[in-house]
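J.: quick one, structure for this:
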Amino acid sequence: MHVVFRESHGLEETDTPTDLGQNPADLVVLSFSDSDLGAFAAGWHRAREGGSALPSLRLANLAALKHPLSVDTYVEQTLEGATGILIRLIGGIPYWQYGIQQVEALARRKGIALAVLPADGRPDSRLDAVSTLPVSTLRRLAHLCDTGGPVSAQAALAQL
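T.: Numbering: from 1, shown residues only. Take a look at the predicted model:
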């Protein structure tokens, strides 16, 4: 007789809670990709240097928001004050399920523009369904994010 031991953990179960300590901002961009976040930071600074008045911006890597307590803290401290949230998600909803549930609930309750976009270049109707923006806007934002770079990120922030 063989005994097979199998243990399964979701991402949220094995991580330590983290408080990112970010103040609220008008726009928030979340992604697992540091290059995404870097492009959005550069796009925001580019617009500002060009004389455009963009709303305040916060950026965070989703890897720091895996634990449910981290998500809850971030939603309460940072996302509550947002007017627009853009999430680039690698792996679909199952990869950040609790986070998506909490952010979607906040966005629907407070009327926040929420764009949850696939980061693999393929449309995902499940991500469209949790977003609060029209599909046409989601496709435009996805195209800008897939194009990459500061110019496209600046355009995506302006669109959001």
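J.: from the centroid of this structure, which residue is nearest?
T.: I87 (2.2 Å; C-alpha atoms, centre = their mean).
J.: could you list the paired strands of the helix or strand encompassing V116 along with their orientation?
T.: According to DSSP states H and E, V116 maps onto strand 113-118. Taking DSSP bridges as the criterion, strand 113-118 sits next to strand 84-89 (parallel) in its sheet.
J.: circling back to that earlier point, could you export the strand holding V116 as PDB, CA atoms only?
T.: The C-alpha coordinates for strand 113-118 follow below in PDB (Å, rounded to 0.1, in the frame of the first residue of the first chain):
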ATOM      1  CA  ALA A 113     -13.900  53.200 -13.400                       C
ATOM      2  CA  LEU A 114     -12.400  49.700 -13.300                       C
ATOM      3  CA  ALA A 115     -10.400  48.200 -16.200                       C
ATOM      4  CA  VAL A 116      -9.200  44.600 -15.600                       C
ATOM      5  CA  LEU A 117      -7.000  43.700 -18.600                       C
ATOM      6  CA  PRO A 118      -5.300  40.600 -19.700                       C
END
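J.: quick one: mean pLDDT over that strand.
T.: On average, the pLDDT along strand 113-118 is 97.
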